[in-house]
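Participant: A structural model of the following input is requested.
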Amino acid sequence: MLIKAQIAMEYLLILGITLIMLLPIFVIVYTYTTISDDQISQRQALQIARKIVDTAETVYYFGEPTKTTLELEFPSNIKTAVVLPHTVLFVMETPVGDTDIFSDSQINLTGELPQGSGTYKLRIQALSNRVNISIVE
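Facilitator: The predicted structure follows:
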C-alpha cells in the first residue's frame, strides 16, 4: 500500500512540474499572438488609408466629375475613422492604448468614413477644388 502511495505522489509531482513548465510557454504564445494581431490590424488600416489617399489624388488629377468606388474591409479594432482636410486618420485601440494611423494627402479631402469594422464601399468623387469621400449604402 505504501509503494502505491509513493508512486501516485511521484506521478502527481511530475505532472505538477510539467504544468509549471508549460504555463510560461502558454503565456508567451498568447502575448505574441495578441501583438501579432494588433500589428496586422494596424498595417491593414495603414493600407486602407494609403489606398483612399492614392485613389483620391488620382481622381482629383483627372478632374471633375471623375468618381470611383472602392470596396474595403475595415479591421475590428478601429475606434474612429476621420477624413481631415489633408489626411485620412484612423484611431485604433491597442492593449497599450490608442494609436493613430494616418496617410497625408497633397489635395483637399472632405467626407466621412465608416466607424465600424466590416466591408464597405466608398465613393471617391472629384469636385472643383477637393475630393469628397462618401459611404455607398
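Participant: how about stretch 116-124: buried residues?
Facilitator: Neighbour-count burial for stretch 116-124 flags Tyr120, Leu122, Ile124 (criterion: 16 or more other CB atoms under 10 Å). For glycine as for every other residue, the C-beta is placed from the backbone atoms N, C-alpha and C.
Participant: check the gap between the last one and Ile20 for me.
Facilitator: Spelled out, it's Ile124. Per CB to CB, to the nearest Å, Ile124 is found 56 Å from Ile20.
Participant: which residues sit in contact with the nearest residue to Thr68 once chain neighbours are set aside?
Facilitator: Closest residue in space to Thr68, ignoring its immediate chain neighbours: Ile124 at 5.5 Å, by CB to CB, 6 or more residues apart in numbering. Going by CB atoms under 8 Å, 6 or more residues apart in numbering, Ile124 touches Ile52, Thr55, Ala56, Val59, Lys67, Thr68, Thr69, Leu70, Val131, Asn132, Ile133.
Participant: quick one: which helix or strand includes Ile124?
Facilitator: Assigned by DSSP states H and E, Ile124 belongs to strand 118-126.
Participant: which strands border that strand, and is each parallel or antiparallel?
Facilitator: In the sheet, strand 118-126 lines up against strand 67-74 (antiparallel), strand 131-136 (antiparallel) (DSSP bridges).
Participant: using a markdown table, lay out these together with distance to Asp98.
Facilitator: Listed next are the strands paired with strand 118-126 as a markdown table, based on distance: least, CB to CB, whole Å:
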| stretch | distance to Asp98 |
| --- | --- |
| strand 67-74 | 16 |
| strand 131-136 | 22 |
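Participant: right, and these - which one's nearest Glu10?
Facilitator: strand 67-74 (54.4 Å; CB to CB).
Participant: how about residues contacting the following helix or strand past the closest one?
Facilitator: The C-terminal neighbour of strand 67-74 among helices and strands, as given by DSSP H and E, is strand 78-84. If you take CB under 8 Å, 6+ apart as the criterion, strand 78-84 is touched by 41, 45, 74, 88-93, 98, 109-117, 133.
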